[in-house]
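Peer 1: Based on what follows, work out the 3D shape:
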Amino acid sequence: MELFTLDFWTNLVIIVGIDLFLAGDNAVVIALAARRLPERQRKWAIIYGGVGAAVLRALCTLIVVYLLMIPGLHLAGGLVLVWIAYRLLCPEETGEDEKEVKAASGLFAAIRTIIIADAMMGLDNVLAVAGAAQGDPLLVIVGLLISVALLMFGSAVILKLTDRFPWIVYLGSAILAMTAGRMLFAEPFVVDWLGGVAKWLEWPVVLLIIVGVLYMGRAAQKKAERTRQHNEAV
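Peer 2: Residues are numbered from 1 along each chain as shown. Next up, the predicted model:
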């Protein structure tokens with residue numbers, strides 16, 4: 001993909017958006033891991049931990065970009081990404097399965113905790129960014145650099161915005177659903193099977209996926225709300 005083309009900048013904006021929408025949990029990880037450190041060490045834990053996590057994520061994403069060249073994996077990745085987009089809208093479940101991040105008492109322990117936790121929680125991010133990159137490693141690197149900088153300096157703002165404006169989460173889910181649809185039509189045997197109608201079907205199918213994901217996510221939220229109200233009444 002050539003630099004400074006409309007496709008390059010469109011995909012770059014999508015990648016940055018995906019990184020930020022899926023980084024809410026990662027921002028919480030950074031805060032929790034560093035909360036017991038002295039004030040002067042927290043900044044360095046966030047910087048070094050964030051950079052380490054970003055480097056590891058970039059390497060993993062580049063590996064996935066090349067893995068997606070294997071026939072059939074674009075289709076599989078697109079289907080998985082549809083599920084991730086839906087889960088983004090589903091209410092969070094709490095209980096025994098809830099992930100816990102222990103605060104570290106030392107600078108290097110906090111950095112290690114941030115990197116390991118980010119790697120474990122960032123699998124959905126890696127797949128989404130690899131799909132949006134459309135096989136361009138440069139997009140992966142530039143997108144991650146921009147989003148990591150925004151995350152490290154604006155994670156608290158991002159979290160507050162998503163709490164105050166729930167529609168932002170729907171926007172993030174729609175971006176993921178769109179990326180999933182594009183991945184499905186990036187699969188060569190799907191395009192070959194559809195033939196000449198593939199280019200005409202792509203965006204109608206993508207829009208159908210987006211609407212379906214948003215509808216199912218909203219239905220899951222309403223069901224969870226009814227269950228909560230029932231439990232409170234009992």
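Peer 1: How far off centre is the lengthiest helix in the chain?
Peer 2: When every helix of the chain is counted residue by residue (DSSP state H), the longest turns out to be helix 198-233. Averaging C-alpha positions (Cα atoms, centre = their mean, to the nearest Å) puts helix 198-233 18 Å from its chain's average.
Peer 1: Equivalent analysis for stretch 61-70, please.
Peer 2: Computed by Cα atoms, centre = their mean, the chain-centroid distance of stretch 61-70 equals 17 Å.
Peer 1: just to revisit the earlier point, any buried residues in the longest helix of the chain, and which?
Peer 2: Neighbour-count burial for helix 198-233 flags 202, 205-206, 209-210, 213-214, 217 (criterion: 16 or more other Cβ atoms under 10 Å). Just so you know, the C-beta spots here come from the backbone N, C-alpha and C atoms, and that holds for glycine as well.
Peer 1: which of those lies closest to Phe108?
Peer 2: Nearest to Phe108 among the buried residues of helix 198-233: Gly217, at 39.7 Å, using Cβ to Cβ.
Peer 1: check contacts around the closest one.
Peer 2: 85-86, 88-90, 170, 173 (Cβ atoms under 8 Å, 6 or more residues apart in numbering).
Peer 1: Just these: which are in strands?
Peer 2: Within the contacts of Gly217, membership in strands is found for no residue, as judged by DSSP state E.
Peer 1: What does the pLDDT read for the closest residue to Val65 other than its chain neighbours?
Peer 2: Residue nearest to Val65 in three dimensions, not counting chain neighbours: Ala130, with 4.8 Å by Cβ to Cβ, 6 or more residues apart in numbering. At Ala130, the pLDDT value in this model is 81.
Peer 1: I'd say Tyr48 and Ile111 touch.
Peer 2: Yes: when contacts are counted by Cβ atoms under 8 Å, Tyr48 is listed as touching Ile111 (5.0 Å).
Peer 1: Which of these two has more residues huddled nearby?
Peer 2: Here Tyr48 and Ile111 are compared on neighbour count by other Cβ atoms under 10 Å; more neighbours surround Ile111, at 23 against 16.
Peer 1: Now do the helices in this protein.
Peer 2: For the chain, the helices defined by DSSP H cover 6-21, 24-34, 39-67, 73-89, 107-121, 123-133, 137-164, 167-184, 188-194, 198-233.
Peer 1: Mean neighbour count, those helices: which tops it?
Peer 2: Compared across the helices of the chain, helix 123-133 shows the largest average neighbour count, a mean of 25 (mean count of other Cβ atoms under 10 Å).
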